[in-house]
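> Here is my input, please return the structure:
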Amino acid sequence: MRRRNLLQLISVSALSPGFDALHAAEVCRAIHAGPAEPYRLRFFRPDENELLDALTEMIIPADAHSPGAREAKVSLFADWMVSHDSVATQRNGGLVCSG
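Below is the predicted model of the structure:
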């Protein structure tokens, strides 16, 4: 697991009391391993995912030492996280919410 993925899991674990870090790690590995079927968005629309992808790349840009958020597929991880959170979070706490 890459350093950035581990940091994602640690930060989300600290902020979400009911968060299952082990299951999230499995999902993260599956996203990066290239599962038999490509990841399908579960919460964000494709246009929202594109925006989220661009914003996270601005926050975590690629540099000489590591890939950026786009290559790390942070937007897909965020989609999975929000899709597994409460309806209240999906309505009020998502980065870019549908509806």
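
> Excluding covalently adjacent residues, which one is nearest to L52?
S75 (4.3 Å; C-beta to C-beta, 6 or more residues apart in numbering). C-beta coordinates here come from the backbone N, C-alpha and C atoms, glycine included.

> can you tell me how far the one you found sits from A64?
Distance of S75 to A64, given as C-beta to C-beta, to the nearest Å: 23 Å.

> picking up where we left off before, may I ask which helix or strand encompasses the residue nearest to L52?
According to DSSP states H and E, S75 maps onto helix 74-83.

> Break down the protein into its helices, ranges please.
Remark: helices assigned in the chain by DSSP state H are 3-15, 21-33, 46-59, 69-72, 74-83, 87-92.

> which stretch in those is the model least sure about?
Here the helices of the chain differ in mean pLDDT, and the lowest is helix 3-15 at a mean of 61.

> returning to that earlier point: out of S75 and A64, which sits in the more crowded spot?
Neighbour totals were compared for S75 and A64, and S75 leads with 24 against 4 (other C-beta atoms under 10 Å).

> surely the more buried one meets D53?
Yes - between S75 and D53 a contact is recorded at 4.1 Å, counting by C-beta atoms under 8 Å.

> any residues in contact with both of these two?
Contact criterion C-beta atoms under 8 Å, 6 or more residues apart in numbering; residues shared by S75 and D53: A69.

> what's around K73, how many residues?
Neighbour count for K73, taken as other C-beta under 10 Å: 19.

> Thanks again, I'm all set now.
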